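1. quick one, fold the following:
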Amino acid sequence: MAQKSWITPFKKQCFVSMGVSINMSAHGLTMGFAAILLPQLRRPDSAIPIDDASGSWIASILGFALVAGNFIVPTIMAKFGRKTANLASLAPMLVGWFAIITANSITALLIARFLQGIAMGMSSSLGPVLIGEYSSPKNRGAFLTVISLSIATGVLTVHTVGSYFSWQTTALVCAFIMFFDLLIVIYSPESPSWLADQGRYDEARKVFYWLRGDSENDELDRMIETSKLIREAKEDAGVTDTFGKKIRSNLAYFNTTIRKKEFYKPIFIMIHIYTLGQWAGANLLAAYTLDIFTHVIGSDANISLLVITLDIQRIISNSLAVYVIKKVKRRTMLFSTVGINIFAFLATAAYTYMKAHNMLPYDHPFIGILLVHIHMFSIATGTVPLPFIIAGEVFPLEYRSLAGGFSVLSLSANLFITVKTVPFLFKNVGIHGAYVLYACVVGYCLAIAWFFLPETKDRTLQEIEDEFRGKPLTAEELKSTQSLKSRKYSNADRRCSAPVI
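-> Model prediction:
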């Protein structure tokens, strides 16, 4: 017993969250890899020559492939469990890295990047949900913030390795990182929330106590009680309906579901929060780092050194955010950091415009470097971690896979749009015009969050769900809702959720 006493519930939560976070670091590895890959492919002696069009596709196809990952993951999450889904998301990522290592054409690179995009789409909706279910409310914000820290570490790793080695060697290093994560996920337990949803209450209690200890029994009891009420209501619906009646009941259930505040409000909020996160510039500074520095500062500076220092600053800022997010409310953090982000966009736009037209009374490379670092600070402390944090807190348990899938579709679409259009915007309206556009989109999304996003810090997932609903769900309401569905609702709902993500 003495030997196990040092293995506290917090350390166990750290272990299981690490498996999720390293998987999410693949986002940084994959996005940042474009900044290493594209410049090396543009060299005259490159074995795979590219132009601007093919280069933008290599960088942006991830966003297009995210949609495919979104279609796949909800069925696995709901039917086979969160852990199985986490393992499944690692498979295409590993295959993608090894495909890159052996690639000898643009087509091969696109296929490999598409596989990685599928993996990113799966982990995008899975990661916040799994950490939210693994961790206790007091630690949840910090663990969810570690997702962005992992992404930042991935960007730094791939940029640093790629600055000294070829893109093939860099891809090999990334593959080893993901294989290490595979081992962690294999030894992690299943989510207690999913076990309770499946009626496996003894297993849910065992895993919950292993992760949390015995100090949070109220949350466990409430989770199991709600799950039992839902399952009883489904059973009361009966199984004798004809096929036509079942179809009509399924449609009626879906029609009822989309009208529920606890279903559509989180989706509406997260569509805008994910859009904000993608247009805030994290993808630009990861995939087009060299281009950004060249446009803002010029080509005379030591760009490789500036890229590495920027990535280091991102990790420091992310680490600071892990601490601050435990002290500061979610809304306060969002509005302050996104405000800095909008300022950085507009200030950089004004600076680059005046510099291009010789309107600056004084100029020095440090000004451009400072603006880029301010921009990165806002991204690392707010626009990257907060979407994952909020996504891990706002979705109700019953619709978590389906609602998360609807929301992540906006992440996929906006990632593709922002990365694909960078060369076009920079060429036609300049970096100043592009940055003004980004600031407008981010400002609009922030206004939506101001009016609709509730405060979620230090609250249980059930309390947040009840606030969206307006009141706790009673047994009578559960039975009334579930009477619209047959006993086969579970499978039908998961089949319905599959094409949405």
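2. what's the helix or strand for the residue nearest the centre of the chain?
-> The chain has Ser124 as the residue nearest its centroid, 3.9 Å off, counting by CA atoms, centre = their mean. Using DSSP states H and E, Ser124 maps to helix 106-134.
3. could you do Phe468 as well?
-> Judged by DSSP H and E, Phe468 forms part of helix 461-469.
4. now find how far off-centre that helix is within its chain.
-> The gap between where helix 461-469 is centred and where its chain is centred comes out at 22 Å by CA atoms, centre = their mean, to the nearest Å.
5. for the residue nearest to the centre of the chain, what are its contacts?
-> Shown in contact with Ser124 (CB atoms under 8 Å, 6 or more residues apart in numbering): 27, 66, 69-70, 408, 411-412. Any C-beta I mention is one placed from the backbone N, CA and C, and that applies to glycine too.
6. sorry, back to before: helix 461-469 and the helix holding Ser124, what's the angle between them?
-> Computed by axes from the mean of the first three to the mean of the last three CA atoms, to 10 degrees, the angle separating helix 106-134 from helix 461-469 equals 100 degrees.
7. which member of the contacts of Ser124 is positioned nearest Ala34?
-> Relative to Ala34, the closest of these is His27; by CB to CB it sits at 12.1 Å.
8. quick one: residues contacting that closest one.
-> For His27, the contacting residues are 120, 123-124, 151, 154, by CB under 8 Å, 6+ apart.
9. for the helix holding Phe468, give the mean pLDDT please.
-> The average pLDDT within helix 461-469 is 75.
10. show me where pLDDT drops low in this structure?
-> Per-residue confidence for the chain (pLDDT under 70) gives these ranges: 1-5, 216-217, 231, 233-246, 248-250, 253-254, 257-259, 397-402, 405, 470-501.
11. tell me if I'm right that Gly213 and Ile7 touch.
-> No: using CB atoms under 8 Å, Gly213 is not in contact with Ile7, being 11.1 Å away.
12. more neighbours, the two?
-> Higher neighbour count among Gly213 and Ile7: Gly213, with 14 against 11, using other CB atoms under 10 Å.
13. so who does the closest residue to that one other than its chain neighbours touch?
-> Counting by CB to CB, 6 or more residues apart in numbering, Pro9 is the residue found nearest to Gly213 once chain neighbours are left out, at 4.2 Å. Applying CB under 8 Å, 6+ apart to Pro9 gives the contacts 136, 210-213.
14. just the ones of these in helices?
-> Taking DSSP state H as the definition of helices, the contacts of Pro9 contribute 210-212.
15. make a ChimeraX selection of the buried ones in the residues you listed.
-> A single ChimeraX command is used to select the members of the ones in helices among the contacts of Pro9 judged buried by 16 or more other CB atoms under 10 Å:
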select :211,212
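16. wait, which of the ones in helices among the contacts of Pro9 is closest to Lys355?
-> The closest of the ones in helices among the contacts of Pro9 to Lys355 turns out to be Leu211 (CB to CB; 53.2 Å).
17. one step back: just the ones in helices from the contacts of Ser124, please.
-> Short answer: these in helices (DSSP H) are 27, 66, 69-70, 408, 411-412.
18. could I get these as TSV with distance to Asp221?
-> Shown next, in TSV, are the ones in helices among the contacts of Ser124 (distance: CB to CB, whole Å):
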residue	distance to Asp221
His27	36
Leu66	37
Gly69	35
Asn70	33
Val408	31
Leu411	34
Ser412	37
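19. of all pairs in these, which one spans the longest distance?
-> Across the ones in helices among the contacts of Ser124, the longest distance by CB to CB is 14.2 Å; it joins His27 and Asn70.
20. which neighbouring elements make contact with the host helix or strand of Lys265?
-> Per DSSP H and E: Lys265 is located in helix 261-279. Secondary-structure packing of helix 261-279 (3 or more CB pairs under 8 Å, 6 or more residues apart in numbering; DSSP states H and E): helix 385-394, helix 400-420, helix 430-452, helix 461-469.
21. among these, which is the most enclosed?
-> helix 385-394 (a mean of 27; mean count of other CB atoms under 10 Å).
22. can I get that one in CSV, CA atoms only?
-> Taking Å, rounded to 0.1, in the frame of the first residue of the first chain, the C-alpha atoms of helix 385-394 are listed here in CSV:
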residue,chain,number,x,y,z
PRO,A,385,-6.4,26.7,-25.8
LEU,A,386,-9.9,28.2,-25.1
PRO,A,387,-11.8,26.6,-28.0
PHE,A,388,-10.6,23.2,-26.7
ILE,A,389,-11.4,24.1,-23.1
ILE,A,390,-14.9,25.3,-23.9
ALA,A,391,-15.6,22.4,-26.2
GLY,A,392,-14.7,20.0,-23.4
GLU,A,393,-17.3,21.7,-21.1
VAL,A,394,-20.4,22.8,-23.0
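23. which other helices and strands contact it?
-> helix 106-134, helix 137-164, helix 261-279, helix 330-356, helix 400-420, helix 461-469.
24. what does it contact?
-> Residues contacting helix 385-394 (CB under 8 Å, 6+ apart): 24, 125, 127-129, 131-132, 140-141, 144-145, 147-149, 266, 269-270, 273-274, 276-277, 318, 321, 325, 330, 333-334, 337, 404, 407, 411, 453, 456, 459, 461, 464, 468.
25. next, the angle from that helix to helix 137-164.
-> 140 degrees.
26. number of nearby residues for Leu320?
-> For Leu320, the neighbour count with other CB under 10 Å is 15.
27. could you check how far it is from Val155?
-> The gap separating Leu320 from Val155 is 17 Å, by CB to CB, to the nearest Å.
28. what of Glu465?
-> 34 Å.
29. now do the SS call for the residue lying farthest from the centre of the chain.
-> Farthest-out residue of the chain from its mean C-alpha position, per CA atoms, centre = their mean: Pro361, at 42.2 Å. Under DSSP: H, G, I helix; E, B strand; the rest coil, the three-state class of Pro361 is coil.
30. quick one on the thing from earlier: ok, and for the helix holding Lys265, which residues are buried?
-> Of the residues in helix 261-279, 262-267, 269-279 count as buried by neighbour count, 16+ other CB under 10 Å.
31. please apply the same query to stretch 342-358.
-> 342, 344-353, 355.
32. what about Pro92, how many neighbours?
-> Around Pro92 there are 24 residues (other CB under 10 Å).
33. apologies, that question was intended for Phe15.
-> Neighbours around Phe15, by other CB under 10 Å: 16.
34. report the distance from the one helix or strand it maps to to the chain centre.
-> Phe15 belongs to helix 9-41 when elements are defined using DSSP H and E. From the chain centre to the centre of helix 9-41 is a distance of 11 Å (CA atoms, centre = their mean).
35. kindly report the same for stretch 347-354.
-> Its chain's average C-alpha position is 30 Å from that of stretch 347-354, according to CA atoms, centre = their mean.
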